[in-house]
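Q: sequence and predicted model, in that order:
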Amino acid sequence: MARKIRVALVGIGNCASALVQGVHLYKGSEMADSALGLLQLNLGGYRPGDIEFVAAFDVDSNKVGKDLSDAIFQSPNNTRIMVKPPRLGVPVLRGPVLDGLGRFVKPLIKTDPSLRPVDVAQALKEAGAEILINYLPVGSEAASRFYAKEALMARCGFINAIPVFIASSKEWQRRFKKAGLPLAGDDVMSQLGATILHKTLARLLVERGVKVEESYQLNIGGDTDFLNMLEEGRLKSKRESKTSAVRAMIPYEIPLRIGPSDYVEFLANKKICYIWIKGSYFGGTPLSLDVKLEVWDAPNSAGVIIDVIRVMKVALDRGIAGPLTSISAYAFKHPPIQLPYEVAKKRVHEFLEGLRHR
């Protein structure tokens with residue numbers, strides 16, 4: 001029998017929906033050219049179909065109690081439907097709210113005050129989970145730390161897909177290393193999203209001798225993620241995460257503004273980003289660059305997370321603990337160590353081949 005990777009999810013929103021759909025969609029794929037959006041179909045000895053979802057947590061009454069295969073399509077989720085998975089036999093369990101619901105999202109999410117949160121660590125143990133993925137809303141600082149602690153108690157590796165600094169925190173790195181568990185994050189970077197495009201353009205200009213002088217990145221979308229980010233107080237880590245990723249590609253300080261700009265409801269899970277860069281080249285000649293990118297947001301990160309899950313499973317198999325620096329630099333905006341995309345990708349393959357420790 002094939003080895004399974006037993007995965008638990010917290011936050012059954014659009015990103016979780018795209019991930020669950022994607023695992024089922026790619027299950028049984030045998031041809032390399034069917035691995036669209038993945039590093040490889042077989043990565044470290046594991047295929048997408050080896051991922052098995054064993055536990056799920058949320059607070060929304062529309063989702064709690066439902067099978068995960070049904071919960072991923074409940075409102076306010078609004079990403080595109082790629083495939084409808086069969087019943088998974090994984091009920092969505094009630095987690096604690098903590099700071100998971102922002103001011104603008106709270107009216108959309110029904111919670112049942114009579115339903116007590118489960119013991120998360122115990123539920124993870126009973127499910128036999130090996131990896132817990134954090135898909136909570138932006139700004140869920142206390143809730144993210146809570147689930148990271150529960151992962152430690154349940155002896156699960158932790159993948160932090162949101163812009164709360166766990167994998168890039170020295171304290172959390174120390175705690176996971178001491179527990180003998182791997183850690184990856186923070187803030188997943190899409191297959192081709194605003195941040196990776198902005199990083200690549202900035203690095204290209206610098207390497208071609210262009211002096212980058214100013215730049216901004218503006219993003220709009222119509223899902224609850226963008227609605228949530230109307231609350232400026234929840235955006236500090238998000239802005240820092242996206243900005244640090246681009247700034248790391250430019251070896252000098254410039255005026256740089258990056259971040260979500262507005263919520264446009266009819267866009268649903270589509271995301272539109274605008275990137276503008278001003279610079280100068282030979283003889284001080286001015287240059288400006290304008291780019292517009294339109295994508296479905298949730299599927300843009302699903303393949304990346306499938307790769308992260310498989311690399312973390314290899315780390316678990318090898319008994320590697322603490323931050324996984326290669327896959328974090330490849331797949332996240334605010335990793336423990338920032339690296340250019342091509343360097344990070346090379347190091348991931350070196351790790352899988354046993355040429356690099358982490």
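A: Done, it's in.
Q: what ranges does the protein have for its helices?
A: 14-26, 68-71, 120-127, 141-154, 170-179, 194-207, 224-228, 236-247, 299-318, 325-331, 341-352 (DSSP state H).
Q: start and end of stretch 20-36, how far apart?
A: One end of stretch 20-36 sits 16 Å from the other (Cα to Cα, to the nearest Å).
Q: mind listing what's buried along stretch 339-352?
A: Across stretch 339-352, burial judged by 16 or more other Cβ atoms under 10 Å covers 339, 344-345, 347-349, 351-352. C-beta coordinates here come from the backbone N, C-alpha and C atoms, glycine included.
Q: nope, stretch 351-358 is what I was after
A: For stretch 351-358, using 16+ other Cβ under 10 Å, the buried residues are 351-352, 358.
Q: and Leu19, what is it in contact with?
A: Under the criterion of Cβ atoms under 8 Å, 6 or more residues apart in numbering, the neighbours of Leu19 are 9, 133, 302, 305-306.
Q: one more time with 6 Å, if that's ok
A: The contact partners of Leu19, taken as Cβ atoms under 6 Å, 6 or more residues apart in numbering, are 302, 305.
Q: equivalent analysis for Asn77, please.
A: Applying Cβ under 6 Å, 6+ apart, the residues near Asn77 are 14, 17.
Q: list just the nearest of the buried residues of stretch 351-358 to Phe104.
A: Among the buried residues of stretch 351-358, Arg358 lies closest to Phe104 (Cβ to Cβ), at 38.7 Å.
Q: ok, that closest one touching Thr325?
A: Yes: with contact defined as Cβ atoms under 6 Å, Arg358 counts as touching Thr325 (5.4 Å).
Q: any low-confidence regions in this structure?
A: By pLDDT under 70, the low-scoring segments of the chain are 1-2, 30-34.
Q: ends of stretch 240-254, what's the gap?
A: Note: stretch 240-254 ends 15 Å apart using Cα to Cα.
Q: buried residues in it?
A: For stretch 240-254, by 16+ other Cβ under 10 Å, it's 240-250, 254.
Q: ok, back up a step: overlap in contacts of Arg358 and Thr325?
A: With Cβ under 6 Å, 6+ apart applied, the contact sets of Arg358 and Thr325 do not overlap.
Q: who's in contact with Glu350?
A: Residues near Glu350 by Cβ under 6 Å, 6+ apart: Arg356.
Q: that one and Ile327: what is the separation?
A: Glu350 sits 11 Å away from Ile327, taking Cβ to Cβ, to the nearest Å as the criterion.
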